[in-house]
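Trainee: just to be clear, the model below is a prediction. Sequence and coordinates:
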Amino acid sequence: MEAELILTRLTVLRENAENQSSSIVRLREELRSKVAELESSVRDYNSLRIDLLMERLRERGLSWCTYHKNTFPVEEASLVLLSSADSGFSGPHRVCSECRKEVLAKHGYLSRRDDLHERGGILYHAFVVSEEGDGFSVVKFGKQESLAAKDFKVPQISDSAISHFESEMSLPLELSIENHPRSVPLRVRGERLKAA
């Protein structure tokens, strides 16, 4: 008789364990779905922050310098192509008048030797870029080259520039997701939000 009671108890405990396991699997799937929704909401929120920043810059007639990350009147903007002969790097920048003078003054400059470039440094080049129809043109060493708009993408505003402009442009703070299983995962720049 005692064995039958133990067997009955074992059966009940096994059914409870199986039910709990099934419940946990459902909760995990629901949690994955909710986390994906949260990640999407945070991405959308942070993307809209950038849209708000760009709109506020436009309203004020400002642009930002991709070289030194400062704002300046949009009519003073210049496009330059910076490149390095040694590393093959080549990239466009939207620069203010001060940075334009600075980068053009460095044209042909050989940097000091450092750990990354044992051969004695990097040879920098800077070229002024002009908008031309639906593309761009640049004069390199006396030879004019056309650049298709799809190949000449000025960098998007960087996270460091956005952080720099947050207070100046009255932006809401950035949201991020903390990956810790026992905490409220949503943070506003290190500040934990209260769970509903």
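Mentor: Arrived safely.

Trainee: tell me the mean pLDDT over stretch 73-82?
Mentor: Average pLDDT, stretch 73-82: 88.

Trainee: what are the C-alpha coordinates of it, in PDB please?
Mentor: Provided in PDB are the C-alpha atoms of stretch 73-82 (Å, rounded to 0.1, in the frame of the first residue of the first chain):
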ATOM      1  CA  PRO A  73      25.400  77.700 -40.700                       C
ATOM      2  CA  VAL A  74      24.400  75.400 -43.500                       C
ATOM      3  CA  GLU A  75      25.500  77.900 -46.200                       C
ATOM      4  CA  GLU A  76      29.100  77.600 -45.000                       C
ATOM      5  CA  ALA A  77      29.100  73.800 -45.600                       C
ATOM      6  CA  SER A  78      31.800  72.300 -47.900                       C
ATOM      7  CA  LEU A  79      32.200  68.700 -49.000                       C
ATOM      8  CA  VAL A  80      35.700  67.300 -48.900                       C
ATOM      9  CA  LEU A  81      37.100  63.900 -49.700                       C
ATOM     10  CA  LEU A  82      39.800  62.800 -47.300                       C
END
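
Trainee: downstream of the lengthiest helix in the chain, the next helix or strand is which one?
Mentor: When the chain is parsed with DSSP state H, its longest helix is helix 2-59. Heading C-terminal from helix 2-59, the first helix or strand you meet, by DSSP states H and E, is strand 62-64.

Trainee: that following strand pairs with which strands?
Mentor: Here strand 62-64 is paired, per DSSP bridges, with strand 71-73 (antiparallel).

Trainee: still on that earlier bit, so what does the longest helix of the chain touch, helix or strand wise?
Mentor: For helix 2-59, the packing partners by 3 or more Cβ pairs under 8 Å, 6 or more residues apart in numbering; DSSP states H and E come out as helix 159-165, strand 175-177. C-beta: built from backbone N, CA, C; applies to glycine.

Trainee: mind putting these into TSV with mean pLDDT and distance to Met1?
Mentor: Below are those laid out as TSV (pLDDT from 0 to 100; distance: least, Cβ to Cβ, whole Å):
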stretch	mean pLDDT	distance to Met1
helix 159-165	80	71
strand 175-177	83	57
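
Trainee: next one: the longest helix of the chain to chain centre, how far?
Mentor: When distances are taken as Cα atoms, centre = their mean, to the nearest Å, helix 2-59 is centred 27 Å away from the chain's centroid.

Trainee: start at 7 instead
Mentor: Sure, I'll start numbering at 7, so the last one becomes helix 8-65.

Trainee: now do the contacts for Val86.
Mentor: By Cβ atoms under 8 Å, 6 or more residues apart in numbering, the contact list for Val86 reads 98-99, 101, 106, 109-110, 132-135.
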